[in-house]
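A.B. asks: Need a 3D model of the sequence below.
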Amino acid sequence: MALVALTGCGGETSAATSTASGAAGDLGTLEVQLSWLKNAEFAGEYFADSKGYYKDAGFTAVNLIAGGPGGASAETMVLSGKALVGTSSPVGVAPVVLNEGAPLKIIGSTYQKNPFTIVSLAGTPITTPGDLVGKKIGVQAGVNETLFDALLEVNNIDPSQVTKVPVQYDPQPLLNGDVEGFFAYLTNEVLTLELGGHTTAVLPFADNGLPFIAESFVATEDSIKNKRTELKAFLAATIKGWKDALADPAESARLAVEVYGKELGLTLDKEKAQAEAQNSKLIKTPDTDSNGLFSISKELMEKNIEILKLAGYDTTAEQIFDLSLLDEVFAENPTLK
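C.D. replies: Here you go, the predicted structure:
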């Protein structure tokens, strides 16, 4: 599982491609850069496509572009104009905004809590930050390493007390005993291990000093100004899709396994478990119940800014977020809340 912003350009057209007939307008092709492979993580987008919500919103075709290791990031794809919107996170967006002057903004977020965790096996459980001391932890290079370093810093752990071991995304090094903890997703690698018969323990980042958002929608400032119609149509249709996904994790799994990710060898049990976990733990919260899906409260934005500062990115909410589109969507479509 790619964590945060390690996205790739799979160039895959979605399995259910919209046509122009019956469309409310002609907004052209919708290009969306996903942050990872086409598993249940993007169930709402699958519903929005397969049930025609994007077509009804005015798009003539839909291209959900798979991410993956080694490919272009969501930020790169959006900045290049190859995607109208991409899924990333504040930790993925802030570096390119601050270090490269990229004109990007987060316009909403599917995950209200990040799913990042250190997973360990029951024999050597790691459930508190202090348990990391003296352990070998498998951490992927790049943004994930930055996040792990921030976890240590916010919990006042000297990095010299923990051994970081370079790994990829397969948790096999944990099973081999090469590491005692592994940087993972609560909704992916943890489930893979548990479904494989292994008893796990977890150290969730969101509950241990890093309550930042993830699967956040990023767009250029130019698009926010000049393609508001397209972005609002995307947001409204995707909200409808995620409402369906929240109500039907079994269908979320089927769409991932049999349609959008059919070439990935996914399993229904794993994808249904992932859909159920993200629905209950990451997407639906008291804030989204009150303010609507994808909304980001002022308090949550400020917490994310604090975390970015811990990671070395001194910024403000105004530099990273623009929720004006989402505000307009809910004002114009109050039944979406």
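A.B. asks: all strands of the chain, in order?
C.D. replies: 29-33, 61-65, 85-88, 104-111, 116-121, 136-139, 163-166, 181-185, 200-204, 214-220 (DSSP state E).
A.B. asks: confidence score at the residue nearest to the spatial centre of the chain?
C.D. replies: Centre of the chain computed as the mean C-alpha position; nearest residue by C-alpha atoms, centre = their mean is residue 215, 2.3 Å away. pLDDT, residue 215: 96.
A.B. asks: Could you export the strands of the chain as CSV, including distance to residue 322?
C.D. replies: Heads up, the C-betas are built off the backbone N, CA and C, glycines and all. CSV is the format used below for these (distance: least, C-beta to C-beta, whole Å):
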stretch, distance to residue 322
strand 29-33, 18
strand 61-65, 23
strand 85-88, 13
strand 104-111, 4
strand 116-121, 25
strand 136-139, 32
strand 163-166, 35
strand 181-185, 27
strand 200-204, 28
strand 214-220, 8
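A.B. asks: Quick one, which of the ones you listed gets closest to residue 192.
C.D. replies: Minimum separation from residue 192 across those (C-beta to C-beta) falls at strand 181-185, 8.8 Å.
A.B. asks: Show me what the closest one is in contact with.
C.D. replies: Contacts with strand 181-185, where a contact means C-beta atoms under 8 Å, 6 or more residues apart in numbering, come from 1, 3, 115-120, 126, 132, 135-140, 144, 147-148, 167, 171, 173-174, 189-190, 203.
A.B. asks: how much space is there between residue 309 and residue 109?
C.D. replies: 19 Å (C-beta to C-beta, to the nearest Å).
A.B. asks: And for residue 264?
C.D. replies: Look at residue 264 and residue 109: by C-beta to C-beta, they are 25 Å apart.
A.B. asks: Who has more neighbours out of those two?
C.D. replies: residue 109 (31 against 14; other C-beta atoms under 10 Å).
A.B. asks: low-confidence ranges in this structure?
C.D. replies: Applying pLDDT under 70 to the chain flags the ranges 1-24.
A.B. asks: hang on, the earlier thing: right, and the strands of the chain - which one's nearest residue 98?
C.D. replies: Here strand 104-111 is closest among the strands of the chain (C-beta to C-beta), at 10.7 Å.
A.B. asks: Can you give me the buried ones in the closest one?
C.D. replies: Neighbour counts using 16 or more other C-beta atoms under 10 Å place 104, 105, 106, 107, 108, 109, 110, 111 of strand 104-111 among the buried residues.
A.B. asks: With stretch 42-58 instead?
C.D. replies: For stretch 42-58, a neighbour-count test (16+ other C-beta under 10 Å) marks 42-50, 52-58 as buried.
A.B. asks: For residue 283, give me its contacts.
C.D. replies: For residue 283, the contacting residues are 110, 111, 112, 242, 246, 293, by C-beta under 8 Å, 6+ apart.
A.B. asks: Swap in 7 Å and give it another go.
C.D. replies: By C-beta atoms under 7 Å, 6 or more residues apart in numbering, residue 283 lies in contact with 110, 111, 112, 242, 246.
A.B. asks: Distance to residue 162 for those residues - can I get that in JSON lines?
C.D. replies: Shown next, in JSON lines, are the contacts of residue 283 (distance: C-beta to C-beta, whole Å):
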{"residue": "110", "distance to residue 162": "31"}
{"residue": "111", "distance to residue 162": "26"}
{"residue": "112", "distance to residue 162": "28"}
{"residue": "242", "distance to residue 162": "37"}
{"residue": "246", "distance to residue 162": "37"}
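A.B. asks: out of the residues you listed, who's nearest residue 286?
C.D. replies: Of the contacts of residue 283, the one sitting nearest to residue 286 (C-beta to C-beta) turns out to be residue 112, at 9.6 Å.
A.B. asks: what number of residues lie near the closest one?
C.D. replies: For residue 112, using other C-beta under 10 Å, the count is 25.
A.B. asks: Now it: closest residue in space, sequence neighbours ignored.
C.D. replies: The shortest distance from residue 112 to any non-neighbouring residue, by C-beta to C-beta, 6 or more residues apart in numbering, is to residue 285 (4.7 Å).
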